[in-house]
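I would like the atomic coordinates for the input below:
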Amino acid sequence: MILQFIHWNISPTIFSLGPISVRWYGLLFAMSFVVGYFIMLRIFQKENIPEPLLDKLSMYMLIATVVGARLGHVLFYEPESYLAHPLDILKIWQGGLASHGAAIGIPLALYLFSRKTRQPFFWVFDRIAIVVALSGFFIRTGNLFNSEIYGNITNLPWGFIFEHTRVMPDEVILPRHPTQIYEGLAYLSLFFFLLWYYYNKDGKPRPGFLFGVFLIVVFGFRFIVEFIKEPQVAFESSMTLNMGQLLSIPLIIAGIVILAWKPKITK
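Now for the predicted structure:
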């Protein structure tokens, strides 16, 4: 029996104009904010929240996501390299964003936003969780186009041969789990569930429920899929649980605590 695998040979770059290159990852990252903005706009309109408040929230989210994800990668995965070359921290276009860093930066920013605008803490978190789940789908799709963050070698028929990881022309590339797709589909499914639940409750979900479910599903799935994912940095190879799994555990616990706590919040 001859196994047929999927040869993934799509260039990470859409097009180039001189020194300027437009990459799929950057496009999808930007799309996550654009699409998320319009979804949040519908939510704000449904709840009669002034639109200028959404513009302010979007700015908080953009800064928190980029800064948090970048610093997360720097501190959790390659601290020695970036401490030796601190200016490289600013070179985001070279890659290096960690979702766990964003998971720290975003709550801090939303807390500040909540205090500044006097919007209830969990009111903000529950609604942002909907669009962040969709953003996870866009980002993992960007990772797929970049041929990065893939899984271990597999003989399953949907294994991906990532052609752009080939260094030498005659190098043999073995099929791997397309973990970007596994995670992307999980986050997309979560998005649809959270959106459905929000509208099923007529825009009045129990405070903290959407955010708690988001934390448990996103980081619970991330914890599981890491078992079949290639280490992102060399030091993870000797770890029983890798960095992604260790960072996911407290976020899963936080989600469970939030669901069990059942906070009561009045607007």
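
pLDDT value on Arg115, please?
Listed pLDDT for Arg115 reads 87.

what's the distance between it and Tyr60?
Arg115 is 11 Å from Tyr60, where distance means C-beta to C-beta, to the nearest Å. No exception for glycine: its C-beta is placed from N, CA and C like everyone else's.

Repeat that for Val35.
Val35 is 18 Å from Tyr60, by C-beta to C-beta.

Ile216 touches Leu259, doesn't it?
Yes: counting by C-beta atoms under 8 Å, Leu259 is a contact partner of Ile216 at 7.4 Å.

The two - which one has more neighbours?
Per other C-beta atoms under 10 Å, whichever of Ile216 and Leu259 has more neighbours is Ile216, with 19 against 16.

Now the more buried one: closest residue in space that isn't a chain neighbour?
Spatial nearest neighbour of Ile216, chain neighbours left out: Gly255 (3.8 Å); criterion: C-beta to C-beta, 6 or more residues apart in numbering.

same thing with Phe145?
Trp24 (3.6 Å).

pLDDT on stretch 130-140, on average?
Mean predicted lDDT for stretch 130-140 stands at 94.

before we move on, what about stretch 206-226?
Summarised as a single mean, pLDDT over stretch 206-226 is 95.

How about it, which residues are buried there?
206-223, 225-226 (16 or more other C-beta atoms under 10 Å).

For it, list the C-alpha coordinates in PDB.
Provided in PDB are the C-alpha atoms of stretch 206-226 (Å, rounded to 0.1, in the frame of the first residue of the first chain):
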ATOM      1  CA  ARG A 206     -23.900  34.500  32.800                       C
ATOM      2  CA  PRO A 207     -20.900  36.700  33.700                       C
ATOM      3  CA  GLY A 208     -17.600  34.900  33.300                       C
ATOM      4  CA  PHE A 209     -19.100  31.800  31.500                       C
ATOM      5  CA  LEU A 210     -17.800  32.600  28.000                       C
ATOM      6  CA  PHE A 211     -14.400  33.600  29.300                       C
ATOM      7  CA  GLY A 212     -14.100  30.500  31.500                       C
ATOM      8  CA  VAL A 213     -15.100  28.200  28.700                       C
ATOM      9  CA  PHE A 214     -12.600  30.000  26.400                       C
ATOM     10  CA  LEU A 215      -9.700  29.500  28.800                       C
ATOM     11  CA  ILE A 216     -10.500  25.800  29.400                       C
ATOM     12  CA  VAL A 217     -11.000  24.900  25.700                       C
ATOM     13  CA  VAL A 218      -8.200  26.900  24.200                       C
ATOM     14  CA  PHE A 219      -5.500  26.000  26.600                       C
ATOM     15  CA  GLY A 220      -6.800  22.500  27.400                       C
ATOM     16  CA  PHE A 221      -6.600  21.700  23.600                       C
ATOM     17  CA  ARG A 222      -3.200  23.400  23.400                       C
ATOM     18  CA  PHE A 223      -2.000  21.200  26.300                       C
ATOM     19  CA  ILE A 224      -3.100  18.000  24.500                       C
ATOM     20  CA  VAL A 225      -1.900  18.900  21.000                       C
ATOM     21  CA  GLU A 226       1.600  19.800  22.400                       C
END
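
So for Arg115 and Tyr60, which sits in the more crowded spot?
Set Arg115 next to Tyr60 and count neighbours by other C-beta under 10 Å: Tyr60 wins out with 21 against 10.

Run through the neighbouring helices and strands of the helix or strand hosting that one.
Per DSSP states H and E: Tyr60 is located in helix 51-76. Helices and strands touching helix 51-76, by 3 or more C-beta pairs under 8 Å, 6 or more residues apart in numbering; DSSP states H and E, are helix 24-46, helix 99-117, helix 121-145.

correct me, but Ile256 touches Gly208?
No: checked against C-beta under 8 Å, the pair Ile256 and Gly208 is beyond contact range at 11.5 Å.

avg pLDDT for stretch 35-55?
Confidence over stretch 35-55 (mean pLDDT, whole number) is 93.
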